[in-house]
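Chemist: Just to be clear, the model below is a prediction. Sequence and coordinates:
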Amino acid sequence: EDQVTQSPEALRLQEGESSSLNCSYTVSGLRGLFWYRQDPGKGPEFLFTLYSAGEEKEKERLKATLTKKESFLHITAPKPEDSATYLCAVRHGGSNYKLTFGKGTLLTVNP
Amino acid sequence: DVKVTQSSRYLVKRTGEKVFLECVQDMDHENMFWYRQDPGLGLRLIYFSYDVKMKEKGDIPEGYSVSREKKERFSLILESASTNQTSMYLCASSPQRGSSTQYFGPGTRLTVL
């Protein structure tokens, strides 16, 4: 059974304090790892898709990386507007459609 | 830009009522999904559809049904609402080819009294 574990559950940072969120996964035949950002009371917003170990994607202060067992979402010099829940999801080779989601990391960036 | 819209942001219903949640996407995506999201449980897939009139059960289909009569529209039906169906309901769509990235709507916060 596919498993996705995100850590930590919650992270509190000061503005400008860089850190990383972790997403470890157990899946047979990874067909994609997805990162989403979710603001309170809203739907998840797509950030990145990674397909193979060694791949990296960047968007503003965010950089996602992928290994064979985990993915990291690095946040460089965060701002208060980066505060949100970050969700990780995986798609395995046996499914054309289904994603398995982790429970998310709640990031709070204090000014 | 991909746009997924949901018919209501907030909905309050009574136990036993029949509830319809509507979702519309404008990107000609083949796949559409209904999830519910609850604190501590994350996103759980209720149903998905890979084509018009086609549907498959997700992880928690009990108490729900779906309808997809047109490609752009996917409806979630609670036949007889119960208090344990109080939740945030999220609709998503994705193309069948390529990355199959799922794009989400804004969500419907349903409260069943």
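Modeler: Here it is on my side, so go on. Numbers count the residues shown, from 1 in each chain, chains lettered A, B, ... in the order given.
Chemist: Not counting sequence-adjacent ones, nearest residue to the closest residue to chain B within chain A?
Modeler: In chain A, the residue that lies nearest chain B is residue A:43 (3.7 Å; CB to the nearest CB). For every residue, glycine as well, the C-beta is placed using N, CA and C. Closest residue in space to residue A:43, ignoring its immediate chain neighbours: residue B:104 at 3.7 Å, by CB to CB, 6 or more residues apart in numbering or on different chains.
Chemist: for residue B:60, same thing?
Modeler: With sequence-adjacent residues excluded and distances taken as CB to CB, 6+ apart, residue B:60 is closest to residue B:44, at 5.1 Å.
Chemist: If the one you found is in a bridge, with which residues?
Modeler: residue B:36 (DSSP bridges).
Chemist: Just give the number of residues close to it.
Modeler: Residue B:44: 15 surrounding residues under other CB atoms under 10 Å in any protein chain shown.
Chemist: which residues touch the residue in chain B that chain A sits nearest to?
Modeler: Of all residues in chain B, residue B:104 sits closest to chain A, at 3.7 Å by CB to the nearest CB. Listed by CB atoms under 8 Å, 6 or more residues apart in numbering or on different chains, the contact set of residue B:104 reads A:36, A:43, A:44, A:45, A:46, B:4, B:90, B:91, B:92.
Chemist: what's the pLDDT at the residue nearest to residue B:60?
Modeler: On the pLDDT scale, residue B:44 is placed at 94.
Chemist: distance of it from residue B:109?
Modeler: Distance of residue B:44 to residue B:109, computed by CB to CB, to the nearest Å: 16 Å.
Chemist: and if you look at residue A:55?
Modeler: Taking CB to CB, one finds residue A:55 at 36 Å from residue B:109.
Chemist: Return the residues in contact with residue 41.
Modeler: You didn't say which chain, so I picked chain A. Contacts of residue A:41 by CB under 8 Å, 6+ apart are B:88, B:107, B:109.
Chemist: that answer is for a different chain, and I need it for chain B
Modeler: residue A:103.
Chemist: and what of residue A:85?
Modeler: Going by CB under 8 Å, 6+ apart, residue A:85 touches A:37, A:38, A:39, A:40, A:104, A:105, A:106, A:107.
Chemist: Can you tell me the strand partners of the host helix or strand of it and which way each runs?
Modeler: Following DSSP states H and E, the helix or strand that holds residue A:85 is strand A:84-92. Neighbouring strands of strand A:84-92 in its sheet, by DSSP bridges, are strand A:30-38 (antiparallel), strand A:100-101 (antiparallel), strand A:105-110 (antiparallel).
Chemist: which of the contacts of residue B:104 are buried?
Modeler: A:36, A:43, A:44, A:46, B:4, B:90, B:91, B:92 (16 or more other CB atoms under 10 Å in any protein chain shown).
Chemist: Show me which residues of chain A are close to chain B?
Modeler: A:31-32, A:34, A:36, A:41-46, A:49, A:87, A:89, A:91, A:96-99, A:101-104 (CB under 8 Å from any CB of the partner chain).
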